[in-house]
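Chemist: Predicted structure and sequence below. I'll ask about it afterward.
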Amino acid sequence: MIRRLNVHEAVQKRLKLIFDNFDYVYVSFSGGKDSSVLLNLCVEYIRKNCPERKLGVMHMDYEAQYSQTTDFVRKRLEQDSDILEIYHCCVPFKVATCTSMFQSFWRPWEDSKKDIWVRKMPENCYTADDFNFFSDDLWDYDFQLLFAQWLRNKKQCRRICSLVGIRTQESFNRWRTIHSNKNYKHFGTIRWTHCISRNAYNAYPIYDWKTSDIWIANGKFKWEYNKLYDLYYQAGIPIGRQRVASPFISQAISTLAIYKVIDPDTWGKMVSRVNGVNFAGIYGNTLAMGWKSIKCPAGFSWKQYMEFLLGTLPQEISNNYREKLQVSIRFWRERGGCLSADTIQKLKDRNIPLTVGTTTAYRTDKLPVRMEYIDDIDIPEFKEIPTYKRMCICIMKNDHACKYMGFALTKKEKLLKERVMEKYKLLWHEKI
């Protein structure tokens, strides 16, 4: 009988494959539980199997974070200094925020806001001046992609790999990152790797770990971890909502007020740092933020209410929502969204005009349905149907990217990204 490997044994084989095939390897380290375990696994592997090698550690410092995270990152990066090469990045890239209707992004370490920075910039960190690809249009997720080629050039290596501590248990999007075939080129046939640019790859060696595996490993191997998680536990925060990432994204809004209890000094500085933080902290888990049991005002249709909400916003923000709405309307008219047979029947039962196709480019058993936007619909599959109520919810959630409606990057956003990539393409194609 063949014994199945446990997750720790499996990750050893994955790390061997990575270190055997890549000239330089670095860990994307946030200070969270997953990236911390991944860093510890890599340190353990190098000391046991290839002590002559160095391990890179890239930390994107978002300025506004729990002091416990700041302290843990500093202490952890001081350890194993004989094998670690640290890239502590304090860069004013654009970071999404859902705390404000008037501000769709903010910039950590923005020089013009130096007098209200949440904390002092760490010593010996990398700033925007160190990266020849930096521009004001750069978002944090683009920085991660471009950093790989920058470091590959700096290290003069042929092939580089960024190890990222994401786990499919965390969300459907993370599951899709590993298991979807769409738009991904892998290293050979290894599905838990993605090519991000020429000879640069992301790898996700702990993708199949459970949350329990993370904490079992910390206990069994006596690894250091961010003690912020202890405070989260004591505060009664469920495991699924214990986040170390940027506090201003939509997933973190409901627990933003915990800052006032756990780290009041940092909270006091955050209030003046990013627009809408105090309101989101007070009302982020209540009806006031608009996405729980939302009701249309008397005398309004949802479309009319949407127009009213858009009329209260700055022109740039309002135009952003309108552009996304038009993209969505065209999509449902021309291509159609994929719905299950049961959902299609529910629409037919409510006499909603629609056209059902027979084939789709997507890998799914669902059928493409073309239809016009409707005001609202009371079915469990509400989030799958194009309604003006969904757009109202996006506006009231300050969901500038309209993720609630399933949006990815728009053509305009892709164009901005392509301009950054174009600026940097000479380095991408440089022969080393």
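Modeler: That came through fine.

Chemist: How is the protein divided into domains?
Modeler: 7-212, 302-396 (automatic domain parsing).

Chemist: quick one: pLDDT of F93?
Modeler: Confidence at F93, expressed as pLDDT, is 91.

Chemist: ok, it - how many residues close by?
Modeler: When neighbours are counted by other CB atoms under 10 Å, F93 registers 25. The way it works is simple: take the backbone N, C-alpha and C, and place the C-beta from them, glycine included.

Chemist: now do Q345
Modeler: Counted with other CB under 10 Å, the neighbours of Q345 add up to 11.

Chemist: wait, is it part of a helix?
Modeler: Yes - Q345: assigned to a helix according to DSSP: H, G, I helix; E, B strand; the rest coil.

Chemist: gap between it and E381?
Modeler: 11 Å (CB to CB, to the nearest Å).

Chemist: so what's the residue nearest to A148 when sequence neighbours are not counted up against?
Modeler: The shortest distance from A148 to any non-neighbouring residue, by CB to CB, 6 or more residues apart in numbering, is to A200 (4.1 Å). Going by CB atoms under 8 Å, 6 or more residues apart in numbering, A200 touches A148, Q149, R152, R159, I160, C161, S162.

Chemist: for those residues, which one is nearest E9?
Modeler: Each of the contacts of A200 was checked against E9 using CB to CB; the closest is C161, at 20.7 Å.

Chemist: biggest separation within the contacts of A200, which pair?
Modeler: Spatial extent of the contacts of A200 (CB to CB) is set by the pair Q149 and C161 at 12.5 Å.

Chemist: Which one's more surrounded, those two?
Modeler: Legend: neighbour count by other CB under 10 Å for Q149 and C161, higher for C161 (26 against 23).

Chemist: ok, which stretches of the stretch 301-432 of the chain are helices?
Modeler: With DSSP state H, counting those that start in this stretch, the ranges of helices along the stretch 301-432 of the chain come out as 302-311, 315-330, 341-349, 388-396, 411-423, 425-428.

Chemist: how about those in TSV, adding distance to Y184?
Modeler: Listed next are those as TSV, based on distance: least, CB to CB, whole Å:
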stretch	distance to Y184
helix 302-311	35
helix 315-330	24
helix 341-349	28
helix 388-396	28
helix 411-423	17
helix 425-428	18
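
Chemist: what's the closest of the domains of the chain to N226?
Modeler: domain 7-212 (4.4 Å).

Chemist: Could you measure from R333 over to R4?
Modeler: 49 Å.

Chemist: Which of these two has more residues huddled nearby?
Modeler: Neighbours were counted for R333 and for R4 using other CB under 10 Å; R333 has more, 14 against 7.

Chemist: wait, what's in contact with the more buried one?
Modeler: R370, M371, E372.

Chemist: I'd like the contacts of A200 written out as CSV, with pLDDT, secondary structure and distance to K13 added.
Modeler: Below are the contacts of A200 laid out as CSV (pLDDT from 0 to 100; DSSP: H, G, I helix; E, B strand; the rest coil; distance: CB to CB, whole Å):
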residue, pLDDT, secondary structure, distance to K13
A148, 95, helix, 24
Q149, 94, helix, 28
R152, 95, helix, 25
R159, 96, coil, 19
I160, 97, strand, 21
C161, 97, strand, 15
S162, 97, strand, 19
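
Chemist: Between the two ends of stretch 198-214, how far is it?
Modeler: 32 Å (CA to CA, to the nearest Å).

Chemist: Ignore what I typed, I meant stretch 341-360.
Modeler: For stretch 341-360, the end-to-end distance is 14 Å (CA to CA).

Chemist: State the mean pLDDT of it.
Modeler: Rounded mean pLDDT across stretch 341-360 is 91.

Chemist: Could you give me the buried positions within that stretch?
Modeler: For stretch 341-360, a neighbour-count test (16 or more other CB atoms under 10 Å) marks T343, I344, K346, L347, T360 as buried.

Chemist: same question, stretch 221-238
Modeler: Applying 16+ other CB under 10 Å to stretch 221-238 flags W223, Y225, N226, L228, Y229, L231, Y232, I237 as buried.

Chemist: okay, who's weakest in those by pLDDT?
Modeler: Among these, pLDDT bottoms out at I237, giving 77.

Chemist: gap between that residue and G337?
Modeler: As judged by CB to CB, I237 and G337 stand 35 Å apart.

Chemist: if we can go back for a sec, quick one: which of the contacts of R333 has the most company?
Modeler: In terms of neighbour count, M371 stands highest of these at 18 neighbours, by other CB under 10 Å.

Chemist: Find the centremost residue of this protein, please.
Modeler: Y141 (7.6 Å; CA atoms, centre = their mean).

Chemist: Now that one: which helix or strand?
Modeler: Secondary-structure assignment from DSSP states H and E places Y141 in helix 140-155.

Chemist: Give me the helices and strands touching that helix, please.
Modeler: With contacts taken as 3 or more CB pairs under 8 Å, 6 or more residues apart in numbering; DSSP states H and E, helix 140-155 sits against strand 24-28, strand 55-60, strand 84-89, strand 160-164, strand 193-197, strand 200-203, helix 411-423, helix 425-428.

Chemist: give the contact list for F187.
Modeler: N21, T193, C195, Y201, A203.

Chemist: So, low pLDDT: which residues of the stretch 201-350 of the chain?
Modeler: For the stretch 201-350 of the chain, the stretches flagged by pLDDT under 70 are 240, 245-293.

Chemist: Now Q156: phi and psi?
Modeler: phi 50, psi 50 (degrees, to the nearest 10).

Chemist: that older thread, dump the helix holding Y141 to CSV, keeping only the CA atoms.
Modeler: Provided in CSV are the C-alpha atoms of helix 140-155 (Å, rounded to 0.1, in the frame of the first residue of the first chain):
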residue,chain,number,x,y,z
ASP,A,140,0.9,47.5,-5.7
TYR,A,141,0.1,44.3,-7.7
ASP,A,142,2.0,45.6,-10.7
PHE,A,143,5.0,46.4,-8.5
GLN,A,144,5.2,42.7,-7.5
LEU,A,145,5.3,41.6,-11.1
LEU,A,146,7.9,44.1,-12.2
PHE,A,147,10.0,43.5,-9.1
ALA,A,148,10.8,40.0,-10.2
GLN,A,149,12.5,41.2,-13.4
TRP,A,150,14.2,44.0,-11.6
LEU,A,151,15.7,41.5,-9.2
ARG,A,152,16.6,39.0,-11.9
ASN,A,153,18.6,41.8,-13.6
LYS,A,154,20.2,42.9,-10.3
LYS,A,155,21.3,39.3,-9.5
